[in-house]
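Novice: Dropping a prediction and its sequence here:
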Amino acid sequence: MPWERGTRSGSPGKGVLRAYGSIFMPWSMESSRKHGWRWLAFGLYHVGALVAIVNTFTLPFTPQLMTENVKLLFAILIAPSVLIGLIKLINRIVKPELRHISTFDDYFSLIALEVWLFFAVMVLLIDTPFWRAWYFIITAFFLFYVPFSKISHYIYFFFAHILTGWRYGYRGIIPQKSPQS
Amino acid sequence: MTAITDNISIVKGELKKRYNRLIGTSATNLCTHCGWCIDACHVYLATKDPSKSPVAKAEEVRKVLKREHDWLSKIFPFWTGAEDLTEDKLDDWLNAAFRDCTLCERCVINCPMGVETPQLLGMARGALSAIEKSPEILYDLADMAIEKENYLAENGAGFYKSISKLEPIVQEKLNDPTARIPLQEEADILYVPLSGAHTIVPAAIILNAAGASWTMSMFEASNYGLFLADTARAKKIAYRIIKEAKKLNVKEIVVTECGHAYGVLKWEAPKWFGDEFNIKVRSILEVYDDFLKKGLISIKHKLPEVVTYHDPCNMGRKGGIFEEPRNVIKASSEKYVDLIPSKVENYCCGAGAGMVAADEWRDQRILYGKVKADQIKESRATKVITACDNCLHQIKELNEEYNLDITTSNVSEHLAESII
């Protein structure tokens, strides 16, 4: 893919930053501006997933940090994503436009994450060998499955926003070049 | 059976040739099927058909690419929905990539992941074009443009004659017997119009009024090779103009009000030709804005209609031209209103990417334009101005089909009327 070579109208660097930042600025995209609850759910879901990932490291490797208060905080941050995951699954089944594009991987990834997030909450609240063992068994499964599944989107996300953001920035589209330039 | 095999193998070869970082990223699991793009698409909004959402259309191509490039899809295609390329699949691609997508990129700017759906569908267009499966009219128009260069020696005199008939109109409008439409003369600006007096006369009035050093191209700006995603054809069409610009030693090429032609010469041609193409390119809209700012033209009377501007996708969301036409229109109008949404979020008119030329899809085109028609109605504008001939044609038809009760024009016509 050849990079842009026409006379530059804007800033490619700003375009890349804006591409990364757009998800944190719900007013900047119509798809998040018009669907505020969906954006919030998206955010909470990913915060929950991120905390659950962090938890897989902190729980076994830095137990001294995992005080009862920290565990409770982690559980509070992860719990909404369990509910949101369920809503996402129902939407995928019920809404024709989502059902049309859904694959086994979509359903399986959602359900598997749902189970894992639920176990993350349980291991934080009731740390018995049962919950702990299954939480880490599912974690180990994800280490194998994620690179092959749609969950790997978080890796591609970083590359895609460089490519797209660069072009939009270079051409003075997003962010829009100043009227005077 | 042999023909089918040949088509599939040619298409596979094309896909391999066109597979790059941008395509590769969007063809992978970057798309999570979240559906955020769905109601960003004018085609989906007009039809509410789940198979016409951006993600569904992209999926038609992605399924095949995943089968080739994705590990899990290679082993368990049913798990990811991956599919082998078949002759039937090519029919689906024709509809998804040509009929049901105008490559407007509205889905891209609404995607939280940065999935480039138009790149995938553009790739499908290129692959279909390689087996002559794309709409015939697009080949005809592209090939006619290429042929024009070959026949220029014998047909050139006729073109001079046609232009000479337009010159008196310019002189009369400006009340200036010295006003000219120079053809193929050495000058600072090479103005590249479309075929049609409406892109020649008003521009000539303004360029003469500003006292610009300009000459007009023998070639029209439009480039149907781009719609076919046929880079070889598109390059040939663009190169005619580049050669002419070099021959005339111009300082810049100024492209008329044509969205895709601007995109080709401003953004694509520099990639295709590299250092060989080192001439500045501007849209005529930027030139007009410049004339007004420098005081080279002055508005004699503001036009009384309630005016709005439709951002052509290739000019705006794909080209970065937003404020220049607005500056010009606002300066020459009593009242201006923006469409909502507009600029980078503007809706496609429904006729982009060659759709306007394909008569067999007229019904769909008018249906896909419903979102634009509703937008225009809500704006309460009495005149819609746009800077792309395809958009202009579509809006004229939408006016009739949806009883919008508006008048239409391009920016040049509007500005020319206000300075004479």
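Specialist: Happy to help now that I have it.
Novice: what about the helices in chain A?
Specialist: Secondary structure of chain A by DSSP state H: the helices cover A:12-21, A:30-33, A:36-61, A:68-94, A:96-99, A:104-125, A:129-145, A:153-170.
Novice: okay if I get those as JSON lines plus mean pLDDT and mean neighbour count?
Specialist: For the C-beta atoms, the positions are set from N, CA and C on the backbone; glycine is no exception. Listed next are the helices of chain A as JSON lines, based on pLDDT from 0 to 100; neighbours: other CB atoms under 10 Å in any protein chain shown:
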{"stretch": "helix A:12-21", "mean pLDDT": "96", "mean neighbour count": "18"}
{"stretch": "helix A:30-33", "mean pLDDT": "97", "mean neighbour count": "19"}
{"stretch": "helix A:36-61", "mean pLDDT": "97", "mean neighbour count": "17"}
{"stretch": "helix A:68-94", "mean pLDDT": "98", "mean neighbour count": "16"}
{"stretch": "helix A:96-99", "mean pLDDT": "98", "mean neighbour count": "16"}
{"stretch": "helix A:104-125", "mean pLDDT": "97", "mean neighbour count": "20"}
{"stretch": "helix A:129-145", "mean pLDDT": "96", "mean neighbour count": "14"}
{"stretch": "helix A:153-170", "mean pLDDT": "93", "mean neighbour count": "21"}
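Novice: could the ones you listed go into TSV alongside distance to B:A358?
Specialist: Listed next are these as TSV, based on distance: least, CB to CB, whole Å:
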stretch	distance to B:A358
helix A:12-21	33
helix A:30-33	28
helix A:36-61	35
helix A:68-94	35
helix A:96-99	26
helix A:104-125	34
helix A:129-145	44
helix A:153-170	28
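Novice: Make JSON lines out of those and add distance to chain B.
Specialist: Converted to JSON lines, those look like this (distance: least, CB to the nearest CB, whole Å):
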{"stretch": "helix A:12-21", "distance to chain B": "6"}
{"stretch": "helix A:30-33", "distance to chain B": "4"}
{"stretch": "helix A:36-61", "distance to chain B": "7"}
{"stretch": "helix A:68-94", "distance to chain B": "8"}
{"stretch": "helix A:96-99", "distance to chain B": "4"}
{"stretch": "helix A:104-125", "distance to chain B": "5"}
{"stretch": "helix A:129-145", "distance to chain B": "9"}
{"stretch": "helix A:153-170", "distance to chain B": "4"}
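Novice: In this structure B:Y347 contacts B:P341, no?
Specialist: Yes. Counting by CB atoms under 8 Å, a contact exists between B:Y347 and B:P341, whose distance comes to 7.3 Å.
Novice: Please say which of those two ends up with more neighbours.
Specialist: Between B:Y347 and B:P341, counted using other CB atoms under 10 Å in any protein chain shown, the more crowded position is B:Y347 (25 against 14).
Novice: mind listing what the more buried one touches?
Specialist: By CB atoms under 8 Å, 6 or more residues apart in numbering or on different chains, the residues touching B:Y347 are B:42, B:104, B:106, B:341, B:371-372, B:375.
Novice: Spit out the contact partners of the most centrally placed residue in chain A.
Specialist: To find the centre residue of chain A, average its C-alpha atoms and take the closest one (CA atoms, centre = their mean): that gives A:H46, at 3.9 Å. The contact partners of A:H46, taken as CB under 8 Å, 6+ apart, are A:S81.
Novice: One more pass at 10 Å, please.
Specialist: When contacts are counted by CB atoms under 10 Å, 6 or more residues apart in numbering or on different chains, A:H46 is found next to A:23, A:81, A:84, A:154, B:112.
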